[in-house]
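Visitor: kindly return the folded structure for what I paste below:
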Amino acid sequence: MTAGGDDLFRLWDASSGAPAGRAIPYSDCIVSFLGVLEAPGLRLLISADGTAIRRTDMETGKEVGPRLRPHQAAWIPVGGLGPVAMFADDDSAVLVAGGPFGSVHRWDAVSGELLGKDWIAHDNKVLSLAVMRVDGRPMLVSSGTDGLVRRWDAVTGEPIGEAWAGPDGPVTELVCVSANGRSVVIGQQRKGAIHRWDAVTGEPIGTPMLVEGWGLIGGGLAVTPDGRALLSVDQRGRPWRWDLTVDDPVAEPLSEPTAVVEAVAVVPSKQGWLFVTGGLRGRLRRWDPTGRMVGDDMSGHTAAVSQVLAVAPGPESQGRTVLLSTGRDGLRVWDAATGAAMGRPGVDPPQVGQGLAAVWLPDGRLLAASTAEEGFLRYRMPAGTVEDPPADEPEPTVTEVAVGRLPDGRHFFAGAGQDGPVYLVDAATGEAVGEPLRGLTSQTLGVAVVTLPDSTVMVAAGGEKSQVLRWNAVTGEQIGAPLSAGEWMILWVTFHPLSDGRVVLSAHDDDGDVYRWDAVTGERWGPPLRAGGEPGASLRLDAVSPERLLVAAEDRVVRCWDVVTGEHLGDVPDALCATTAILPDGRDVFVVGGTDGSITITPIPAPQ
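Guide: All right, here's what the predicted structure looks like:
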């Protein structure tokens, strides 16, 4: 069973690699736990998303009973529900999960009934849970941000023995195995070594296991039930096999460094126990315990989303709001209201650069533009075919792209030039529109276009000099004085046309500060908004609505503000990008591209 960015649970025959049964859809869920429970007359898929545990009937594809949350709360923030584990107790199955502030909670997996009292396992946050049987009783092992590893009677919740002092950093992943008469706990130190302990005595086993120079990430451990082989994943997403039959295991890589792995598991098959690795491109691979690849790659799920963009309705969209998304699997088009893919992407969808803009043309074409060293790349969507550039036109390198419309009705793309000027090209033909807009003397990184209430088409851009310049796109003349931000380079700029006719120009810099001005007068609008991040970190302003501002930071959190008041409206974790859209029914939504490849559409939060 796998879950991926195509919003589907998929079943596979581990022996042949072929799909087994129909896929089960899910929504609004970044899966952090996945298991299957077989009960008389019932087959349940158990999943968790950071807010609740879900139980889905695998025959009907529908959720069974209420979602399970600590204290049966109606809602907890994403990340409030910690790690989840499942174990058998006599004739029933029990779900156990870490809750807010270090608590542990248990439910009957079939009925959903809360079992016993919760208890505090760790200070602050529970990072990992694992269950094993010791002397015939289920034992729960937990780790937390307090750096401790603890053992509990999984039925009564009573502690077993003393807490183990963890290694130099918190243990982010735990697996347990019983082999050769010995029960062993294996723990992954955050960005560090793998440690082993005797589950009964708590004594360390052997020396810490480390891939020299790279450390290891949490969430990437799988061990064969016979305890002979372990699979781990390093910070580059490269899988490593450990032979646990020797006292001092040595890591052996399973694949080339470019095969990025996001998830690992152990499954039974006709060939015996197999390791399965899942990658960013949706690729699944099987390996035997010796590290030999079994069969061919299995086509699984889509890749992580790096950009999402909403395109205003056009002649050929039939009133639909269209979304464009990009990732390692290329550029794709979606109906924002239904989530359905538009068109049939080819075997190799087009790859795009850092920037992305799109517009419906009067002739019915949906044209997207992106950045490249060769200048503007234009794509006819949804087929993704590349439009040929005009002959003998200069091809300056552009780093960001925006779209606008001239008073004569022509649409154009504006490109931030690596050499400073802003270049304008006709969206339909790719031919240059006027002379480049000059004034920035070093690399330009962000560009935006807006039509003001007086019909002036304004272009704004910023870059390495920590300034934002404005121009009239028709005359090429600079508007007003440069707008100064902080000491850091400007990464992104955008316009926010307000309902009262005013237009806000926003920009954020490489230190994580977001600045706002009146686009016409250049007057500073309130204090800077803090998006977070470390100095020099690359943050991304992905898109805005007229009165909302979204920033995706290096910590993979999208932050949302009211652009007028500066009020912080909320955060979305585990996200790489975001955009806003208006659905055909009039709802304002924002669209979030997740680290798992999912695209989630949710209502825009309103000011309190």
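Visitor: run through the stretch 101-250 of the chain and note the low-pLDDT ranges.
Guide: In the predicted model of the stretch 101-250 of the chain, residues 166-167, 212-219 satisfy pLDDT under 70.
Visitor: do that again at 80, thanks
Guide: 165-169, 179-180, 190-191, 211-220, 234-237 (pLDDT under 80).
Visitor: also the stretch 501-608 of the chain?
Guide: For the stretch 501-608 of the chain (pLDDT under 80), the answer is 510-512, 531-559, 569-590, 593-599, 602-608.
Visitor: same thing but 70
Guide: In the stretch 501-608 of the chain (pLDDT under 70), the answer is 532-546, 552-556, 595-597, 604-608.
Visitor: give me the distance between Ser32 and Gln271.
Guide: 29 Å (Cβ to Cβ, to the nearest Å). C-beta: built from backbone N, CA, C; applies to glycine.
Visitor: compare those two (neighbour count), which wins?
Guide: Applying other Cβ atoms under 10 Å to Ser32 and Gln271 shows that Ser32 carries more neighbours, namely 21 against 13.
Visitor: check the closest residue to the more buried one other than its chain neighbours and give its pLDDT.
Guide: With sequence-adjacent residues excluded and distances taken as Cβ to Cβ, 6 or more residues apart in numbering, Ser32 is closest to Ala48, at 5.1 Å. If you check Ala48, the pLDDT there is 86.
Visitor: likewise Arg292?
Guide: In this model, Arg292 carries a pLDDT of 86.
Visitor: likewise for Glu374?
Guide: 68.
Visitor: just the buried positions in stretch 57-70, please.
Guide: For stretch 57-70, the neighbour count (16 or more other Cβ atoms under 10 Å) marks Met58, Arg67, Leu68, Arg69, Pro70 as buried.
Visitor: then stretch 492-505?
Guide: Buried residues in stretch 492-505 (16+ other Cβ under 10 Å): Trp492, Val493, Thr494, Phe495, His496, Pro497, Arg502, Val503, Val504, Leu505.
Visitor: and what of stretch 114-130?
Guide: Buried positions in stretch 114-130, judged by neighbour count with 16+ other Cβ under 10 Å: Leu114, Leu115, Asp118, Ala121, His122, Lys125, Val126, Leu127, Ser128, Leu129, Ala130.
Visitor: and stretch 266-281, by the same measure?
Guide: Across stretch 266-281, burial judged by 16+ other Cβ under 10 Å covers Val266, Ser269, Trp273, Leu274, Phe275, Val276, Thr277, Gly278, Gly279, Leu280, Arg281.
Visitor: against Leu367, how distant is Thr385?
Guide: Counting by Cβ to Cβ, the gap from Thr385 to Leu367 is 11 Å.
Visitor: now do the shared contacts for the two.
Guide: Tyr379 (Cβ atoms under 8 Å, 6 or more residues apart in numbering).
Visitor: please say which of the two ends up with more neighbours.
Guide: Using other Cβ under 10 Å, the more surrounded residue of Thr385 and Leu367 is Leu367, with 23 against 12.
Visitor: three-state assignment of that one?
Guide: Per DSSP: H, G, I helix; E, B strand; the rest coil, the secondary structure class of Leu367 is strand.
Visitor: surely it meets Arg378?
Guide: Yes: using Cβ atoms under 8 Å, Leu367 is in contact with Arg378, at 5.9 Å.
Visitor: which residues do the two both contact?
Guide: What both Leu367 and Arg378 touch, as defined by Cβ under 8 Å, 6+ apart, is the set Glu387, Ala427.
Visitor: and Gly157, what does it touch?
Guide: Val104, Arg106, Gly116, Lys117, Asp118, Trp119.
Visitor: same question for Ile24.
Guide: Counting by Cβ under 8 Å, 6+ apart, Ile24 has contacts Leu8, Phe9, Leu45, Thr56, Met58, Gly61.
Visitor: out of those residues, which one sits closest to Arg190?
Guide: Proximity of those to Arg190 (Cβ to Cβ) peaks at Phe9, which lies at 28.6 Å.
Visitor: count the neighbours of the closest one for me.
Guide: What Phe9 shows, counting by other Cβ under 10 Å, is a neighbour count of 23.
Visitor: and stretch 274-287, how far apart are its ends?
Guide: Using Cα to Cα, to the nearest Å, the end-to-end distance of stretch 274-287 comes to 6 Å.
Visitor: state the mean pLDDT of it.
Guide: Rounded mean pLDDT across stretch 274-287 is 76.
Visitor: gap between it and the chain center?
Guide: Averaged C-alpha coordinates place stretch 274-287 at 19 Å from its chain's average position (Cα atoms, centre = their mean, to the nearest Å).
Visitor: what's across from Val94 in the sheet?
Guide: On the basis of DSSP bridges, Val94 takes part in beta bridges with Phe87, Asp108.
Visitor: I figured Ile205 was touching Val185, is that so?
Guide: No: when contacts are counted by Cβ under 8 Å, Ile205 is not listed as touching Val185 (9.0 Å).
Visitor: in terms of helices and strands, where is the closest residue to Val134 other than its chain neighbours?
Guide: Spatially, and ignoring its direct neighbours in sequence, Val134 is nearest to Ser183 (5.2 Å; Cβ to Cβ, 6+ apart). Per DSSP states H and E, Ser183 falls inside strand 182-189.
Visitor: partner strands of that strand, with direction?
Guide: Assessed with DSSP bridges, strand 182-189 is paired to strand 171-179 (antiparallel), strand 194-198 (antiparallel).
Visitor: circling back: identify, from the buried residues of stretch 57-70, the entry nearest to Asp426.
Guide: Looking across the buried residues of stretch 57-70 and measuring by Cβ to Cβ, the closest to Asp426 is Arg67, at 51.5 Å.
Visitor: shouldn't that closest one be in contact with Arg54?
Guide: Yes: with contacts counted by Cβ under 8 Å, Arg67 reaches Arg54, the gap being 5.5 Å.
Visitor: what ranges does the stretch 201-350 of the chain have for its strands?
Guide: Remark: strands assigned in the stretch 201-350 of the chain by DSSP state E, counting those that start in this stretch are 216-223, 229-234, 239-243, 251-253, 261-267, 274-279, 283-287, 293-299, 305-311, 322-327, 330-335.
Visitor: list the residues that contact the residue nearest to Ser32.
Guide: Neighbours of Ala48 in contact, by Cβ under 8 Å, 6+ apart: Val31, Ser32, Phe33, Arg54, Leu81, Val84, Ala97.
Visitor: by pLDDT, give me the weakest of those residues.
Guide: In terms of pLDDT, Val31 ranks lowest among these, with 68.
Visitor: on that earlier part again, now for the strands of the stretch 201-350 of the chain, which one comes closest to Ala88?
Guide: Nearest to Ala88 among the strands of the stretch 201-350 of the chain is strand 261-267 (17.8 Å), distances taken as Cβ to Cβ.
Visitor: in the sheet, which strands lie alongside the closest one, parallel or antiparallel?
Guide: Strand 261-267 is paired, per DSSP bridges, with strand 274-279 (antiparallel).
Visitor: the inter-axis angle of the strand it pairs with versus strand 283-287?
Guide: Using axes from the mean of the first three to the mean of the last three Cα atoms, to 10 degrees, the inter-axis angle of strand 274-279 relative to strand 283-287 is 160 degrees.
Visitor: which residues are contacting strand 274-279?
Guide: Residues outside strand 274-279 that contact it (Cβ under 8 Å, 6+ apart): 2, 4, 14, 222, 224, 229, 231, 237, 239, 241, 254-255, 259-268, 284-289, 294, 300-301.
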